[in-house]
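Visitor: Below are the sequence and a predicted model for it; my questions follow.
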4 protein chains.
Amino acid sequence: MLVVMQAQATEDQVRAVCQKIESLGYRAHSMPGAQRTAIGITGNKGEVESGTLDEMPGVQEVIRVSKPYKLVSRDTKPDNTVIKFPGSHVTIGGTDLAIIAGPCAIENRDQAFKVAERVARAGAQFFRGGAYKPRTSPYSFQGLGEEGLQIMAEVRDRFGLLIVTEAVDYESLDLVDKYADVIQIGARNMQNFSLLKRAGRARKPVLLKRGISATLEEFLMAAEYVMSEGNYSVVLCERGVRTFADHTRNTLDLSVVPAVQRLSHLPIIVDPSHGTGKRNKVTPLSRAAVAVGADGLIVEVHHDPDRALSDGMQSLYPDQFDALMAQVKQIAAVLGRTIERAHEPIAATTK
Amino acid sequence: MLVVMQAQATEDQVRAVCQKIESLGYRAHSMPGAQRTAIGITGNKGEVESGTLDEMPGVQEVIRVSKPYKLVSRDTKPDNTVIKFPGSHVTIGGTDLAIIAGPCAIENRDQAFKVAERVARAGAQFFRGGAYKPRTSPYSFQGLGEEGLQIMAEVRDRFGLLIVTEAVDYESLDLVDKYADVIQIGARNMQNFSLLKRAGRARKPVLLKRGISATLEEFLMAAEYVMSEGNYSVVLCERGVRTFADHTRNTLDLSVVPAVQRLSHLPIIVDPSHGTGKRNKVTPLSRAAVAVGADGLIVEVHHDPDRALSDGMQSLYPDQFDALMAQVKQIAAVLGRTIERAHEPIAATTK
Amino acid sequence: MLVVMQAQATEDQVRAVCQKIESLGYRAHSMPGAQRTAIGITGNKGEVESGTLDEMPGVQEVIRVSKPYKLVSRDTKPDNTVIKFPGSHVTIGGTDLAIIAGPCAIENRDQAFKVAERVARAGAQFFRGGAYKPRTSPYSFQGLGEEGLQIMAEVRDRFGLLIVTEAVDYESLDLVDKYADVIQIGARNMQNFSLLKRAGRARKPVLLKRGISATLEEFLMAAEYVMSEGNYSVVLCERGVRTFADHTRNTLDLSVVPAVQRLSHLPIIVDPSHGTGKRNKVTPLSRAAVAVGADGLIVEVHHDPDRALSDGMQSLYPDQFDALMAQVKQIAAVLGRTIERAHEPIAATTK
Amino acid sequence: MLVVMQAQATEDQVRAVCQKIESLGYRAHSMPGAQRTAIGITGNKGEVESGTLDEMPGVQEVIRVSKPYKLVSRDTKPDNTVIKFPGSHVTIGGTDLAIIAGPCAIENRDQAFKVAERVARAGAQFFRGGAYKPRTSPYSFQGLGEEGLQIMAEVRDRFGLLIVTEAVDYESLDLVDKYADVIQIGARNMQNFSLLKRAGRARKPVLLKRGISATLEEFLMAAEYVMSEGNYSVVLCERGVRTFADHTRNTLDLSVVPAVQRLSHLPIIVDPSHGTGKRNKVTPLSRAAVAVGADGLIVEVHHDPDRALSDGMQSLYPDQFDALMAQVKQIAAVLGRTIERAHEPIAATTK
């Protein structure tokens, strides 16, 4: 915390601010400059509740300095976190890129299997699909619930794909923890702190999507909530932020990838489907996401987007996903990264 | 839904789009213009899942037209909703403005009583205070929980103030429904649809804060979630949105007040404390909120902001709140509105 | 400028940063804290070009502290600037509110006179109208140019209204300086520094509109450009900023009014017409603008908005402007402010 | 233009809206639906000034449909524009990527030559450097003016690099047109329509940077201004937009690249230096820009960023630029694109 005094602040005013800081139990560090004096504050645990400091005579402004995150920080853990999955060589955060693909929502067994078969063949290691859908309208399709989770468990058995699916409350989180391999927390729930803490007590890794207008600090603090409860397997996911721009549904902020990697040891992947909301932008932005250094992609694929119950406009056709995979593999190679299958493709499709 | 064709689209392309629309079960209305053809879609219930329409040859863009909200709409209920409280003449949404004031968080009985005594005397009808605090950091003070609710119930008994407090999950919502008079859903939970549905099954009115980057439509749809479960007593609250501007914590969007009033019958109040994040901006923006036509204010007041456990920088001193009330009463009078006490002031302070 | 070191930074790293700062010609103030060390920089004139400081080993981040504005600052001139107009008792920035009204564009003499007659009668002291229109499309009506200025000069003679009109380049600025009473610099040109400097050499006061995504600091620095050339008569104008919100054309940021008043001595007015872009929002936001403490309003009025050549959707009918004036006068009175006519109304309309 | 009627609108209200539209000289197309009626408007040249349509009884909202750009549109010219430079095989918009590199500002001959020598050797075909600098503060270094242009002309002679530099007003534009190869219009002047029109009458290609909060449509319309005056050689440049995000100076919006390519035939390049404002983000975002399909890059490079007179924090060291070039060449190859030198490297460095 730093208190910047006005140019014409008197010595008495500076002294009064220092005394106020000390009275709050902190140490004040006065630092006179050519134009004005700044006063540093140390000795605080966490954020200083600065109260009326910025209202005191002679005070220009109060600037916060300390970063509040701990467990997510590279200060705490310099090496990259690599998340492993028991009984599989698949990882998130290592050299190998994680490719998560599937429909927006699980609609029925046939749809799930048709899409899973194609994304597995194309080289994805993870299958995504919503069983619990947070929809803007209460009258929209809200997902199949546990039945959707059971279908995805079958998909895992049949195609050797690891399952990623969203939890929206305690009940669904417990079921996702039971059936799936990765618990997704959606953008709308990024600051649903009760749910984050519950996810922090789950056994499975958590895929945490960035809130639609979350700063980097809020994003990392949401991960800190999960980790503070003991679950250290957190994957961050950039999925676009809300801006004035109207040519895409959201504005995909790829710069957050190197920004996260500088401050945190956690892996970060990119969702170009929600990040653009338009099918024809998914492949170019997937290439860009891999090129910027992301640890993976999460992409919506549907065998019949016309009849999809949600997000049809942003879902790739399976053939488009094949082409996407071919392109991103080449980009990955430029960065010294690979995309390996979860299992031998033949085993996966004939077992 | 409207499909706009490219200038050079052929008649065959127009016909193909119309056939596609019909095949999806809707009606297509072709509308040739001087430069290009537009095709309207009707017959849909709720949103059309337009699938690949915007990818068809000759299509320029696809524009959504229908509004998805129903119960919140003035189309459905032309008259203003006025929320009443049993055993009290206090209302929200009528001629009388609702003034909700109190500390950010309930810290202890003494603090709550000190603040409540002052805001009751100044003319507020509602006491606000957080028992469950959604904090960005897991290491910040998270509220007293049920003990905080019990203190607020005592405040009601002692000062005749109605109680407004936030619920953050099912457990806290059930307790808030039991102890308080209004259930607040915070900005971070505006699209926590599970919580909204639970609030829709509660008995008490719901104060729904606008999400930090919620559009007007999303805001109204969140209220629709509550109403769709049977609770029609919803108060909307503008509390600032996130923008690039850095001179306030959020940018208070007062234009949403007349915008809501045009589309919906629900009352809307304004939170100038979170809306600005700076004590010295709360009073001017409170005046502006009443002048724009809001149905009330929710304001943070603390008798000792220096030592507040949260949001000290934006809390008014009680004397400042007195001055605010004097000013907003005069502004209210210009609009033909009043601010009446919940009870006789003497009874409230001497009982 | 403040350099914040990482928690694990070594003493050598701190020393190296201090030496680098000194080598750049500044003074370094090391300030060790419980968790980390911060290093203050003083001795700089204007902004430090921090170069590679933030890339040095052990550095967490670099924070800028000093404010770069001088002439606009209350530090430099504590009293409010009150702009006077020769041969008139009208002011901007004093107790009396400045009301500027008129059509978006001057279309012809008849239109200008019809609107001017009504806004003068309603009590406006200034007439606005565009002769040079910055339009998004090169194919839209671009204004009458000097002919429009001549019509406005006639309006001044006939109705006793002072003239406010926009300049878009050197040529138009020189003409506006010759014909009008206030030179408007539009939002799109707020950082057209060549034009700002030219306006700083003009004889007439400058009405500077906030850029559509200008921070408070950029806004004040634009005024600093004008003042740095010797023209100290600058009026700031909030006219809405660009955000994700789509229920108004822009988001009117009324909190910038008290924010400007805290940092600067310059007057600030509000444009609710561009600030909302919708006729039905202009009156409520005008009330709010006066209530928040603005020094005036600039409002679009047209006697026949259906046939307006630009911005018809946001122009008030004259009758609506009458009603607006009646309301804002009452709000102004609550704040101890007045709205006085430029001349006796009878003289103005019968001369 | 489309008028959407309210659900309960009467037939008379629909008829009245249609008559109003016809009275404005357009054609009305009534389109009754299950829930409500929509009325299309055709026959308009350019934008309909809808006046009071949205205020008529029974009207829900008015939606604009037609796109206002013409010359920039792929509707008008389906094939990509490839800009050529006389006496050189260098192009912008063809298979070969355009790499523009150099310091933020030209400081002196020695600095310019040192940087130019390195960027030429690394494979850039264009040299950038500011002679006229639009700075937020009037007290910051504003550029060397014509002397800077002369230095850059020498750079062209010495290293065979084509020169890109910014014009900020008529005078500087005429000089840039004389000395340089590409006239840059900066983000702050993207809607300085007088300057755009002047650039439209210049002989050299124009590099038009996206305004800091420009929509795609506004960006294309700014190019339309240049083209409408006869200069069809326009290169668009994404350089980051302003959002709430604070981990970079701006938010680089790479999705605008495929969006532009869908609507327009003009080439588009990316500026990762201003787009991020942080040296350590320039290389990852450069890779991403090439991967998304941009036609080139414009990158700030300085041999001594510590002592740069502007933007030191975002300038690459020459060695970092070498590494960047090596990486983007590989990414370019994946997309079937190349990066070829302007001249033989030996000739360039030994002549």
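Guide: Alright, I've got the coordinates. Please read these numbers as outputs of a predicted model, since none were measured by experiment. Residues are numbered from 1 along each chain as shown, chains lettered A, B, ... in the order given.
Visitor: contacting residues for A:Gly123?
Guide: A:Ile99, A:Met325, A:Lys329, A:Ile339, A:Arg341 (CB atoms under 8 Å, 6 or more residues apart in numbering or on different chains). Bear in mind the C-beta positions are built from the backbone N, C-alpha and C, glycine included.
Visitor: ok, these vs chain B, which is closest?
Guide: Checking the contacts of A:Gly123 against chain B with CB to the nearest CB, the nearest one is A:Met325 at 20.3 Å.
Visitor: Could you look up the SS state of the residue in the stretch 51-200 of chain A that chain C sits nearest to?
Guide: Among the residues of the stretch 51-200 of chain A, A:Asp75 lies closest to chain C, at 4.8 Å counting by CB to the nearest CB. Following DSSP: H, G, I helix; E, B strand; the rest coil, the label given to A:Asp75 is coil.
Visitor: what about the closest residue to it other than its chain neighbours, neighbour count?
Guide: In space, and not counting its chain neighbours, A:Asp75 is closest to C:Ala7: 4.8 Å by CB to CB, 6 or more residues apart in numbering or on different chains. For C:Ala7, the neighbour count with other CB atoms under 10 Å in any protein chain shown is 17.
Visitor: go on, A:Val115?
Guide: Neighbour number of A:Val115 under other CB under 10 Å is 27.
Visitor: try the one 4 residues further on
Guide: Using other CB under 10 Å, A:Val119 has 28 neighbouring residues.
Visitor: surely the residue of the stretch 51-200 of chain A closest to chain C meets C:Gln8?
Guide: Yes - between A:Asp75 and C:Gln8 there is a contact under CB atoms under 8 Å: 6.3 Å.
Visitor: element containing A:Leu207?
Guide: strand A:206-209 (DSSP states H and E).
Visitor: Just list what that strand packs against, helices and strands only.
Guide: strand A:182-185, helix A:193-200, helix A:216-228, strand A:234-238 (3 or more CB pairs under 8 Å, 6 or more residues apart in numbering or on different chains; DSSP states H and E).
Visitor: What about the contacts of A:Gly123, which are in strands?
Guide: A:Ile99 (DSSP state E).
Visitor: Pipe the contacts of A:Gly123 into CSV and attach neighbour count, distance to B:Asp304 and pLDDT per row.
Guide: Formatted as CSV, those follow (neighbours: other CB atoms under 10 Å in any protein chain shown; distance: CB to CB, whole Å; pLDDT from 0 to 100):
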residue, neighbour count, distance to B:Asp304, pLDDT
A:Ile99, 28, 55, 98
A:Met325, 21, 61, 98
A:Lys329, 17, 62, 97
A:Ile339, 20, 58, 94
A:Arg341, 20, 62, 82
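Visitor: Just give me the closest of the contacts of A:Gly123 to chain C.
Guide: Using CB to the nearest CB, the contacts of A:Gly123 come closest to chain C at A:Ile99, 30.5 Å.
Visitor: which ones are touching the nearest residue to A:Leu254 once chain neighbours are set aside?
Guide: The shortest distance from A:Leu254 to any non-neighbouring residue, by CB to CB, 6+ apart, is to A:Val292 (4.6 Å). A:Val292 makes contacts with A:Leu254, A:Ser255, A:Val257, A:Pro258, A:Val270, D:Pro284, D:Leu285, D:Arg287, D:Ala288, D:Ala291, as judged by CB under 8 Å, 6+ apart.
Visitor: my read: A:Phe85 touches A:Asp181, true?
Guide: Yes - counting by CB under 8 Å, A:Phe85 does reach A:Asp181; the two are 6.2 Å apart.
Visitor: more neighbours, the two?
Guide: A:Asp181 (21 against 18).
Visitor: Chain neighbours aside, what residue packs nearest to that one?
Guide: Using CB to CB, 6+ apart and skipping the chain neighbours, the partner closest in space to A:Asp181 is A:Leu162 (4.1 Å).
Visitor: wait, doesn't A:Ile339 sit right on A:Ile99?
Guide: Yes - contact criterion CB under 8 Å: A:Ile339 and A:Ile99 qualify, at 6.0 Å.
Visitor: which neighbours do these two share?
Guide: A:Gly123, A:Met325, A:Val328.
Visitor: these two touch, right, the second one and A:Arg118?
Guide: No - shown here, A:Met325 and A:Arg118 do not form a contact pair, counting by CB under 8 Å, at 10.6 Å.
Visitor: in a helix, that's where A:Phe113 is, yeah?
Guide: Yes - assessed with three-state DSSP, A:Phe113 lies in a helix.
Visitor: May I have the residues that are in contact with it?
Guide: Contacts of A:Phe113 (CB under 8 Å, 6+ apart): A:Glu154, A:Val155, A:Arg158.
Visitor: and those residues, which are buried?
Guide: A:Val155, A:Arg158 (16 or more other CB atoms under 10 Å in any protein chain shown).
Visitor: For burial, what's the neighbour tally of the residue of the stretch 51-200 of chain A closest to chain C?
Guide: 19.
Visitor: Let me have the helices and strands packed on strand A:206-209 in JSON lines, extended by mean neighbour count and mean pLDDT.
Guide: Below are the helices and strands packed on strand A:206-209 laid out as JSON lines (neighbours: other CB atoms under 10 Å in any protein chain shown; pLDDT from 0 to 100):
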{"stretch": "strand A:182-185", "mean neighbour count": "26", "mean pLDDT": "98"}
{"stretch": "helix A:193-200", "mean neighbour count": "23", "mean pLDDT": "96"}
{"stretch": "helix A:216-228", "mean neighbour count": "23", "mean pLDDT": "95"}
{"stretch": "strand A:234-238", "mean neighbour count": "27", "mean pLDDT": "98"}
